[in-house]
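1. predicted structure and sequence below. I'll ask about it afterward.
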Amino acid sequence: MSYKAEYDRSMNDPEGFWKEKAAALKWFKDPENILSQDEHGIYHWFADGEMNTAYMALDYHVEQGRGDQLAIIYDSPVTDTKTTFTYSELRDAVAKAAGMLKGLGVEKGDRVIIYMPMIPEAVISMLATARLGAIHSVVFGGFAAPELAQRIEDAQPKVMISASCGIEIKRVIEYKPLLDKAIELSAHKPQSCIIFQRPQATSPLIEGRDYDWNDLYPQAEPADCVPVKGTDPLYILYTSGTTGKPKGVVRENGGHAVAMNYSMQAIYNVDKGDVFWAASDVGWVVGHSYIVYAPLLRGCTTIVYEGKPIMTPDAGAFWRICEEYGVKTLFTAPTAFRAIKKEDAEGAFIKQYDLSKLVAIFSAGERLDPPTQEWLMEKSGKPVIDHWWQTETGWGITANLQGVEPMPVKLGSSTVPSPGFNVQILDENGVQLARGEQGYIALKLPLPPSCLATVWGDVEKFKSGYLQTFDGYYASGDGGYIDQDGYVFVMGRVDDVMNVAGHRLSTGEMEEVVGGHPAVAECAVIARDDDLKGQIPMGLVVLKTGVEIDEATLAKELTQMIRNSIGAIACYKDTYVVKRLPKTRSGKILRKSMRQMVNGEAYAVPSTIDDVSIMPEIEALLREKGVIG
Ligand code: COA
Ligand code: AMP
């Protein structure tokens with residue numbers, strides 16, 4: 001099959017194309033209404049189909065005789081544990097966990113927040129929620145209590161599921177105090193919390209609210225799958241926008257299942273029985289899509305890895321897993337490969353392991369920088385494929401489609417649009433730009449299945465944040481260009497969102513925290529390029545008049561404040577005190593110009609700047625401090 005034929009069909013006859021892809025799954029009632037629009041003009045897929053995602057991902061495979069095949073391999077170097085679940089075992093565990101939630105009153109449409117480390121119970125909790133037709137919202141375990149509190153307040157969960165602790169290499173991170181603090185901070189209180197007690201740290205439970213997983217689960221009655229409509233939400237996943245408040249991306253059951261299954265075939269070229277490993281975390285979209293749902297919908301074996309690319313115990317960790325479980329496809333973020341490369345530049349570890357079953361390595365989360373891509377291709381001898389996607393889409397917007405027609409790799413490009421995605425480069429007025437010209441990357445509506453249906457509880461935010469920038473398009477927030485061969489080059493965000501080790505964070509949110517320090521009059525948090533993590537934040541602060549505090553003390557205090565409010569994953573360390581910040585006459589801080597300046601790029605200042613001497617003043621100061629080379 002040629003890529004062009006597949007792609008053109010998805011553009012010329014989207015309903016016929018996706019109806020055919022939907023038929024690959026087992027629905028309770030097949031969808032007839034393939035693409036529809038609601039009263040807000042927003043597109044939805046498979047509105048009249050009836051289904052259950054957990055059924056499609058588990059029960060159906062068991063019914064098809066794949067019950068004894070491995071569904072999950074859990075490998076945890078940090079606890080020295082390895083366990084497996086067959087499809088039958090996982091289905092039974094999920095049915096019991098669903099029964100446990102049902103016993104606490106969870107019904108179709110209720111929200112369940114899951115705040116857990118990378119353990120099988122996290123996956124079981126997600127699928128159990130889906131089994132009941134309820135809506136999960138997984139919160140990454142590295143987020144601090146106020147971040148969790150924001151999500152509790154917005155999603156209003158009936159029940160929360162957490163674990164007593166996570167393990168970061170050798171450090172035990174207690175989750176329960178964070179959970180308690182978050183509930184205290186939130187105006188909404190969940191009715192119940194289920195805590196999975198781990199032996200590394202058990203937590204005291206609050207009577208009447210908290211339940212021990214190990215008490216409830218053994219006695220729970222297995223619960224059946226609850227049928228839902230294709231357009232009923234499966235999950236809410238919060239992601240950073242440009243404001244301080246994260247946006248709840250809503251994913252609908254039908255479109256999600258169809259796109260997940262299709263992407264496994266078209267992008268990754270994997271099938272039933274193949275071992276697929278996304279080395280990420282269930283708290284991120286990559287984890288939702290490619291640790292949990294897509295591999296299971298496709299009937300693959302997925303790996304739940306509780307460890308790091310290095311230090312657990314060394315830079316051979318990923319290759320060990322690939323050999324031990326016969327991984328066919330490995331998928332992770334560039335930062336993980338950069339960490340491995342730093343420790344093992346010669347690729348000595350790669351040589352130690354048998355990677356004969358590994359067919360391809362995929363990367364996403366941030367742009368795969370050409371030196372890392374070249375290094376990995378050379379050392380592994382495998383195709384290394386970049387693909388571009390977002391929490392909002394749930395799967396690759398652009399990719400090198402291994403199951404359709406593999407294309408030559410161009411370094412720095414995430415290749416071509418996936419079927420269903422009409423990718424265009426626009427100028428600031430929404431006018432389409434010519435090949436080779438750099439601009440805003442926008443996706444012409446309708447978006448294909450799986451893309452966000454709304455922002456939870458705030459359709460106006462969905463419209464203003466994504467649909468109103470360019471009429472008839474979804475604004476991706478990324479900039480880039482398409483070359484003469486149709487290859488897409490994504491060059492980075494055009495807004496105030498930054499990407500730290502593949503984790504998407506809002507500079508605005510960090511500014512709210514930094515601005516909350518009693519000594520700070522105003523501040524700008526900007527993204528600085530980093531060899532390992534891609535970007536790291538840096539704060540430029542103006543002190544309140546008359547305040548005396550030395551820079552090192554302030555930096556330490558701000559670092560702690562960011563860790564307490566957002567989490568250690570923000571990797572905030574550097575603070576510089578400046579006299580003034582550059583602004584336009586209307587008061588807008590010139591973040592983009594400062595970002596270009598600290599990264600040694602040529603920077604432009606708008607003609608509306610209120611004082612032209614400020615930028616050179618800051619540049620000289622940062623040069624003196626060695627920030628700019
Ligand atoms: N729970 C609690 N804390 C966490 C956490 C979690 N789930 N994940 C990270 N943290 C903490 C770390 O312990 C660290 O804390 P510290 O500053 O007190 O040491 C901090 O957050 C930063 O962690 P991390 O980004 O993991 O940096 P690192 O320097 O420890 O490790 C890498 C560097 C490259 C190994 C690591 O960033 C990595 O594995 N990246 C891959 C990320 C990824 O898979 N992203 C996928 C998105 S698709
Ligand atoms: P997230 O929603 O956390 O997955 O982050 C999405 C953002 O990460 C995108 O908007 C991009 O800025 C960036 N991103 C993800 N994958 C890529 C890629 N392959 N190339 C360039 N940027 C990427």
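-> Here it is on my side, so go on. Ligands and ions are numbered 1, 2, ... in the order given.

2. residues of this protein that sit close to ligand 1?
-> 141-142, 166, 168, 173, 280, 284, 286, 308-310, 332-333, 335-336, 339, 365, 501-502, 532, 568-569, 571 (C-beta under 6 Å from any ligand atom). C-beta here means a position set from N, CA and C on the backbone, and glycine is covered the same way.

3. what about the residues you listed, which are in helices?
-> Counting by DSSP state H, the residues of the chain next to ligand 1 place 286, 335-336, 339 in helices.

4. what's across from Phe276 in the sheet?
-> Bridge pairing for Phe276 (DSSP bridges) gives the partners Thr302, Thr329.

5. report the contact partners of it.
-> 264, 268, 270, 290, 294-295, 298, 300-303, 327-329, 331 (C-beta atoms under 8 Å, 6 or more residues apart in numbering).

6. how near is it to Asn269?
-> The gap separating Phe276 from Asn269 is 11 Å, by C-beta to C-beta, to the nearest Å.

7. contacts for stretch 466-486 next, please.
-> 42, 388, 390, 392, 397, 410, 413, 416, 423-426, 430, 433, 435-445, 447, 451-452, 488-495, 497.

8. please repeat the previous calculation with a cut-off of 6 Å.
-> 416, 425-426, 430, 435, 438, 440-445, 447, 488-491, 493-495 (C-beta atoms under 6 Å, 6 or more residues apart in numbering).

9. one more: stretch 119-126?
-> Stretch 119-126 is contacted by residues 72, 74, 93-94, 97, 114, 116, 136, 161, 196, 282, 292, 304 when judged by C-beta under 6 Å, 6+ apart.

10. tell me how far it lies from the chain's centre.
-> Relative to its parent chain, stretch 119-126 has a centroid offset of 17 Å by C-alpha atoms, centre = their mean, to the nearest Å.

11. stretch 563-574 now?
-> 18 Å.

12. that one near ligand 2 anywhere?
-> No - counting by C-beta under 6 Å from any ligand atom, ligand 2 has no neighbours in stretch 563-574; the shortest distance is 11.9 Å.

13. start and end of that stretch, how far apart?
-> 13 Å (C-alpha to C-alpha, to the nearest Å).

14. check contacts around Gly316.
-> Phe349.

15. please report the distance of it from Ala348.
-> In terms of C-beta to C-beta, Gly316 sits 8 Å off from Ala348.

16. Pro406 too?
-> 29 Å.

17. need the residues of the stretch 351-500 of the chain near ligand 2, please.
-> So the stretch 351-500 of the chain meets ligand 2 at 364-367, 386-391, 414, 477-478, 490, 493, 499 (C-beta under 6 Å from any ligand atom).

18. mind doing that once more with 8 Å?
-> 363-368, 386-392, 398, 414, 476-478, 480, 490-493, 497, 499 (C-beta under 8 Å from any ligand atom).

19. just the buried residues from the residues you listed, in ChimeraX please.
-> The buried residues among those can be selected in ChimeraX (16 or more other C-beta atoms under 10 Å) with this line:
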select :363,364,365,366,367,368,386,387,388,389,390,391,392,398,414,476,477,478,480,490,492,493,497,499
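
20. pick out the residue of the stretch 101-250 of the chain closest to ligand 1.
-> Gly142 (3.2 Å; C-beta to the nearest ligand atom).

21. contacting residues for that residue?
-> 567, 569.

22. residues in contact with the closest residue to Asp344 other than its chain neighbours?
-> Of all residues not flanking Asp344 in the chain, Ala315 sits nearest, at 4.1 Å (C-beta to C-beta, 6 or more residues apart in numbering). Taking C-beta under 6 Å, 6+ apart, we find Ala315 in contact with 340, 343-344, 349.
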